[in-house]
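1. Need coordinates for the following:
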Amino acid sequence: MVFKKMLSAFGVGGPSVDTVLTNPNTRPGLTLDGHVNLVGGDAPASIEQITVGLVTRVEIEGGDTEYAGIMEFHRMAVSGPLQLAPKQQLSIPFQLPVPWETPVTDVYGQRLHGMTMGLRTELAVARAVDKSDLDQVAVHPLPIHERILDAFQALGFRFKHADLERGHIRGVQQTLPFYQEIEFFAAPQYAGTINEVELTFVTSQQGVEVILECDKRGGFLSAGHDVFGRYAVPHSDAGRTDWVQVVDGWLRETTSRYGNLRAHGFGAPHGHHGHRGSGMAGMLGGAALGVAGGLVAGELIEDAFEGDFGGDFGDFGGE
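-> Next up is the predicted model:
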């Protein structure tokens, strides 16, 4: 009996958890629906809590170095304390709201190179090793995102890479501790002016803030430098605007500036703030992964998503 209790404490013969999503595809502002399926182990188990949370890979600056960490940025409790009998099967439904600022991972049916997203289920078991499960999630763009991305494609920009940067964009209201950068090689008609463009969406229920960072080429007597533009667009404009003309105007206005937006009152748009809380994940709304939790989630993501990071973003291609 003592030996069985020891095995149970190390997770041997304990309960198992498997989360099944009704549909792993979603969009910012919608939900992820599914069931957490439990199967009891060899002995009764006291479940303290069941939670689901969205996790992703974020680039983190530390001193002079930059490294990738796995961050949980949104969490919800599915169940409070419950008793699970030996071999008992239990299915618990849930509906997780997807934050409006959740980064896009898939465009035109392709995974953006550099993006990962997962739903992590955690089963907290009293006096035993916690159990977890990880499911891949695909976040698709909203109509306003699609129109702007379509315009970049129509203008001849080629997709390069996408990632998440930890920090806040100065002057922009954010709820998540990171922002997404979608990088493009310059289209031929802009090649004499800029090398690359980084596009950031900060989305809310009302609309989207569009931040452009253009790597501007140097001239005969001037060095190259980054220039920034910031534009607010309501969701209602998605279907009634000539987006090719709008995006072209944004780019020409942005590249006509010298330096950054300090003269316009924004400061350096991609300013980073310090950690809130401890560990690589910081704290967000009282729910976050510490260093150990982040590393475990990272291993799970690599195992579950290995081979699924690719995707060439439709006709944008990549190099």
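2. Just the buried residues of stretch 169-188, please?
-> 169-171, 176-187 (16 or more other Cβ atoms under 10 Å). Every C-beta, even on glycine, is put in place using the N, C-alpha and C of the backbone.
3. now do stretch 202-210
-> Result for stretch 202-210 [16+ other Cβ under 10 Å]: buried residues 202, 203, 204, 207, 208, 209, 210.
4. Please apply the same query to stretch 75-90.
-> Applying 16+ other Cβ under 10 Å to stretch 75-90 flags 75, 78, 79, 84, 90 as buried.
5. what's the span of that stretch from first residue to last?
-> 21 Å (Cα to Cα, to the nearest Å).
6. Beyond the strand or helix carrying residue 164, next helix or strand please.
-> Using DSSP states H and E, the element containing residue 164 is strand 158-166. Using DSSP H and E, the helix or strand that follows strand 158-166 in sequence is strand 178-185.
7. tell me which of the buried residues of stretch 169-188 is nearest to residue 56?
-> residue 178 (8.2 Å; Cβ to Cβ).
8. Excluding chain neighbours, what is closest to residue 93?
-> Nearest in space to residue 93, with sequence neighbours left out and distances taken as Cβ to Cβ, 6 or more residues apart in numbering, is residue 35 at 5.3 Å.
9. Same check on residue 19?
-> residue 121 (4.4 Å).
10. Now for that neighbour: which residues touch it?
-> 17, 19, 36, 50, 51, 52, 78, 132, 133, 134, 135 (Cβ atoms under 8 Å, 6 or more residues apart in numbering).
11. Let me have those residues in a markdown table, extended by pLDDT and secondary structure.
-> Formatted as a markdown table, the contacts of residue 121 follow (pLDDT from 0 to 100; DSSP: H, G, I helix; E, B strand; the rest coil):
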| residue | pLDDT | secondary structure |
| --- | --- | --- |
| 17 | 94 | strand |
| 19 | 97 | strand |
| 36 | 97 | strand |
| 50 | 96 | strand |
| 51 | 96 | strand |
| 52 | 97 | strand |
| 78 | 97 | strand |
| 132 | 91 | strand |
| 133 | 93 | strand |
| 134 | 95 | strand |
| 135 | 96 | strand |
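12. Selecting buried members of the residues you listed in ChimeraX, what would you type?
-> Of the contacts of residue 121, the buried ones go into a single ChimeraX selection, burial set by 16+ other Cβ under 10 Å:
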select :17,19,36,50,51,52,78,132,133,134,135
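13. so of the buried residues of stretch 75-90, which ones are in strands?
-> Residues of these located in strands (DSSP state E): 75, 78, 79, 84, 90.
14. Farthest pair within the buried residues of stretch 169-188?
-> 177 and 187 (32.3 Å).
15. Quick check: pLDDT value at residue 272.
-> Note on residue 272: pLDDT of 38.
16. average pLDDT for the helix or strand hosting residue 251?
-> Residue 251 is part of helix 243-255, with elements assigned from DSSP H and E. Averaging pLDDT along helix 243-255 yields 94.
17. Which neighbouring elements make contact with it?
-> Judged by 3 or more Cβ pairs under 8 Å, 6 or more residues apart in numbering; DSSP states H and E, the packing partners of helix 243-255 are helix 143-154, strand 194-203, strand 207-216, strand 225-234.
18. Make sure I have this right: the residue nearest to residue 19 is in a strand.
-> Yes: under DSSP: H, G, I helix; E, B strand; the rest coil, residue 121 falls within a strand.
19. Mind pulling up the pLDDT for it?
-> Confidence at residue 121, expressed as pLDDT, is 96.
20. again with residue 127
-> Looking at residue 127, its pLDDT reads 79.
21. now swap in residue 258 and tell me
-> Residue 258 is given a pLDDT of 51.
22. Repeat that for the one 10 residues further on.
-> At residue 268, the predicted lDDT confidence score is 40.
23. go on, the one 10 residues further on?
-> We note a pLDDT of 26 for residue 278 in this prediction.
24. Same check on residue 294?
-> Listed pLDDT for residue 294 reads 41.
25. Then the one 3 residues further on?
-> At residue 297, the predicted lDDT confidence score is 45.
26. One more: the one 3 residues further on?
-> Residue 300 is assigned 47 on the pLDDT scale.
27. pLDDT on stretch 139-149, on average?
-> 97.
28. what about that stretch, distance to the chain center?
-> Chain-centre distance of stretch 139-149: 15 Å, with Cα atoms, centre = their mean, to the nearest Å.
29. what's the answer for stretch 190-205, then?
-> Stretch 190-205 sits 18 Å away from the centroid of its parent chain (Cα atoms, centre = their mean).
30. now the stretch 51-200 of the chain, which segments are flagged as low pLDDT?
-> 63 (pLDDT under 70).
31. How is this protein partitioned into domains?
-> Per the record, the chain has its domains at 2-141+277-316, 143-264, by automatic domain parsing.
32. For the stretch 1-150 of the chain, which segments count as strands?
-> For the stretch 1-150 of the chain, the strands defined by DSSP state E, counting those that start in this stretch occupy 16-21, 25-26, 31-39, 45-62, 65-79, 82-84, 89-97, 106-107, 110-111, 117-125, 131-136, 138-139.
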